[in-house]
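Requesting a structural model of the entry that follows:
(one chain, ligands or ions: 1)
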Amino acid sequence: MNTLCAAGTGAFLSSQAQRLGVDVENLGKIAMESKNPIKIAAKCTVFAESDLVHKAQIGHSKQDIIAGLCKAVVSNYLNNVGKGKNIQEQIVFQGGVSKNDGVIKYFKEATGKDIYVDKNSHLLGALGVAILAKKSGTERLFNFNISEQDFITLGEECNGCSNNCEVIKVYKNGEVIDKWGNRCENTKV
Ligand code: SF4
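Reported below is the predicted structural model:
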């Protein structure tokens, strides 16, 4: 959902689901069973994780913790990515997290707007990339046997300036195919 803070992403929900011993696909359903969603510190992934462990230790129910997590993702997203943006009448929600009924519910509550979720909402990002790729007019052979390819990610710190950006690089069969985290194009890594 965003590149500004991990606590507003599906990957964050996925890792917390694993920590709580539930399938990520069931988070939304479990969140909807909550009668009293708890407040989880959502400003940062590290705080959110330790807060979640603390809330579980003091005896809050799984339903209330998961509902709190869904709420935390919404508040993190609106306070980081959505900050200062003019929200229109209807919000189109796409990506894997849009399959989470709990997150949809708290987006509705927080914005007071209709949230439109297409039945293929989880695929829209891939569709958009496919359209952009087609429009670019560039063609490259692609091997669809993904399971036979070797993908790894490695983090490296750029020392090009005092920002010292942590750059994450994706390697396919030993070759860098993408990277992110650099705040400028002059990255040294
Ligand atoms: S990526 Fe750019 S902004 Fe970040 S440390 Fe390197 S030179 Fe500085």
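
of all the residues in this structure, which ones are close to the ligand?
Contact residues, the chain versus the ligand (Cβ under 6 Å from any ligand atom): 158, 160-161, 163-165, 182-184, 186-188. In this view, the C-beta of every residue, glycine as well, is placed from N, C-alpha and C.

Which among these count as buried?
Using 16 or more other Cβ atoms under 10 Å as the burial test, the residues of the chain next to the ligand include 158, 160, 165, 182, 187 as buried.

got any ranges where the protein has weak pLDDT?
For the chain, the stretches with pLDDT under 70 are 1-8, 42-45.

Could you break it into its assigned domains?
Domain assignment for the chain, taken from automatic domain parsing, gives 6-126, 146-180.

Let's have those in CSV, adding distance to Leu132.
Below are those laid out as CSV (distance: least, Cβ to Cβ, whole Å):
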stretch, distance to Leu132
domain 6-126, 11
domain 146-180, 14
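
Just say which of the ones you listed is most tucked in.
Greatest average neighbour count among the domains of the chain goes to domain 6-126 (a mean of 17), per mean count of other Cβ atoms under 10 Å.

Return the distance of it from the chain's centre.
Chain-centre distance of domain 6-126: 9 Å, with Cα atoms, centre = their mean, to the nearest Å.

nearest to Thr138, of the domains of the chain?
Closest of the domains of the chain to Thr138 is domain 146-180, at 14.3 Å (criterion: Cβ to Cβ).

For Gly28, see how far away Glu49 is.
Applying Cβ to Cβ, to the nearest Å, the value for Glu49 to Gly28 is 20 Å.

JSON lines for the buried ones among the residues of the chain next to the ligand, including secondary structure and distance to Val24?
Below are those laid out as JSON lines (DSSP: H, G, I helix; E, B strand; the rest coil; distance: Cβ to Cβ, whole Å):
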{"residue": "Cys158", "secondary structure": "coil", "distance to Val24": "32"}
{"residue": "Gly160", "secondary structure": "coil", "distance to Val24": "37"}
{"residue": "Cys165", "secondary structure": "coil", "distance to Val24": "29"}
{"residue": "Asn182", "secondary structure": "coil", "distance to Val24": "29"}
{"residue": "Thr187", "secondary structure": "coil", "distance to Val24": "32"}
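
Which one of these is nearest to Asn86?
Distance to Asn86, by Cβ to Cβ, is smallest for Asn182 among those, at 29.2 Å.

State the distance from that closest one to Phe151.
Noted for Asn182: a distance of 20 Å to Phe151, by Cβ to Cβ.
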